[in-house]
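Undergrad: I'd like to go over a predicted model; first the sequence, then the structure.
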Amino acid sequence: MTFDNLLIEGDGSVATVTINRPKVLNALNAPTLDDLRRAMLELKRDQSVRAIVITGSGDKSFVAGADINELAVQSPSSGRDHALTGQHVFDLIENLGKPVIAAVNGYALGGGCELAMACTLRIAADTATFGQPEINLGILPGYAGTQRLPRLVGKGRAMALILSGSAISALEAERIGLVNRVVPAADLLVEARRMAATLAAQAPIAMRYIINAINHGLEMPFAQGCAYEATLFGLVAATDDMREGTRAFLEKRKPSFQGK
Ligand code: COA
């Protein structure tokens with residue numbers, strides 16, 4: 001797999017995707033978004049890949065947003081298409097069925113913050129900053145930032161961040177629940193890959209159902225979400241992995257999950 005704007009590395013069951021446009025702080029232009037879409041589809045299909053880390057190249061920026069050169073010339077119809085395209089790619093990441101960890105190595109602004117939010121989990125360098133600065137450009141978040149941010153941190157905090165357009169530190173992001181963990185910048189990739197390897201060793205079908213139940217359940221009334229959970233709970237009982245996991249516990253050994 002080769003892409004103009006991404007680097008893909010594999011290490012056992014963990015793949016690392018690096019957004020690679022360092023001259024513009026890894027801003028997402030249309031070709032990069034399309035590379036990301038194709039790469040994620042490929043990694044979804046690849047049975048040997050069980051967890052993915054997404055990061056940005058260089059030590060300054062994860063992703064500094066959508067490419068402002070493209071935004072500056074958009075029309076009402078291309079603007080709508082632009083937002084729908086980004087939303088589609090980020091939906092794909094959120095619902096990939098495999099854990100995707102954002103390793104936020106610097107600026108996560110605008111589309112960068114939205115990309116991190118679409119990931120399953122977020123780990124940040126202590127030097128990272130987060131924000132939705134679109135209002136400073138006279139626009140609004142278009143890759144589902146107005147929807148995912150309040151779901152992650154609550155309506156009041158999302159309003160304050162998006163309306164002010166100001167950035168917050170990694171520690172503040174951790175305090176409000178926008179990131180799961182903050183680590184020293186030098187340890188970021190090692191820790192993100194360690195986190196990914198731990199998830200990659202878990203039962204893949206249960207992993208897929210859990211991500212699905214949480215993502216879709218959040219959009220349902222509580223009782224419907226519980227019914228959905230019960231259906232997936234029943235389905236997982238058909239897997240070899242369920243038999244392996246429960247037997248391994250009873251036999252006091254480590255389980256070996258095959259994703260079947
Ligand atoms: N789109 C296009 N180009 C971008 C970009 C973006 N989102 N973010 C940064 N760049 C470019 C800059 O134009 C500059 O290009 P140049 O070297 O040709 O002048 C290069 O990346 C380096 O950025 P620069 O602004 O010089 O770095 P900095 O360290 O002074 O500031 C930021 C870093 C992130 C604070 C600043 O680049 C910024 O505010 N970027 C835009 C963030 C944003 O509004 N994102 C949401 C877009 S919807």
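TA: Yes, it's here.

Undergrad: what is the neighbour count of the closest residue to the ligand within the stretch 101-250 of the chain?
TA: Residue nearest to the ligand within the stretch 101-250 of the chain: Gly110 (2.6 Å; CB to the nearest ligand atom). Where you see a C-beta, it was placed from the backbone N, CA and C, and this is true even at glycine. For Gly110, the neighbour count with other CB atoms under 10 Å is 28.

Undergrad: the one 10 residues further on now?
TA: When counting by other CB under 10 Å, one arrives at 23 neighbours for Thr120.

Undergrad: excluding chain neighbours, what is closest to it?
TA: Pro99 (4.5 Å; CB to CB, 6 or more residues apart in numbering).

Undergrad: likewise Leu33?
TA: Among residues not flanking Leu33 along the chain, Val89 sits closest, at 5.4 Å (CB to CB, 6+ apart).

Undergrad: residues contacting the one you found?
TA: Counting by CB atoms under 8 Å, 6 or more residues apart in numbering, Val89 makes contact with 33, 36-37, 40, 143.

Undergrad: show me which of these are buried.
TA: Listed as buried from those are 33, 36-37, 40, 143; burial here means 16 or more other CB atoms under 10 Å.

Undergrad: which member of the residues you listed is positioned nearest the ligand?
TA: Relative to the ligand, the closest of the buried ones among the contacts of Val89 is Tyr143; by CB to the nearest ligand atom it sits at 8.9 Å.

Undergrad: wasn't that closest one part of a strand?
TA: No: membership of Tyr143 in a strand is not supported by DSSP: H, G, I helix; E, B strand; the rest coil, which gives coil.

Undergrad: quick one: name whatever helix or strand follows the longest helix seen in the chain.
TA: The longest helix of the chain (DSSP state H) is helix 76-94. Going down the chain from helix 76-94, the next helix or strand is strand 100-104, by DSSP states H and E.

Undergrad: what is the mean pLDDT for stretch 242-253?
TA: When pLDDT is averaged over stretch 242-253, the result is 97.

Undergrad: quick one: the contacts of Val89 as CSV, columns for distance to Lys155, secondary structure and pLDDT too.
TA: Shown next, in CSV, are the contacts of Val89 (distance: CB to CB, whole Å; DSSP: H, G, I helix; E, B strand; the rest coil; pLDDT from 0 to 100):
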residue, distance to Lys155, secondary structure, pLDDT
Leu33, 28, helix, 98
Leu36, 29, helix, 98
Arg37, 30, helix, 98
Met40, 29, helix, 98
Tyr143, 19, coil, 98
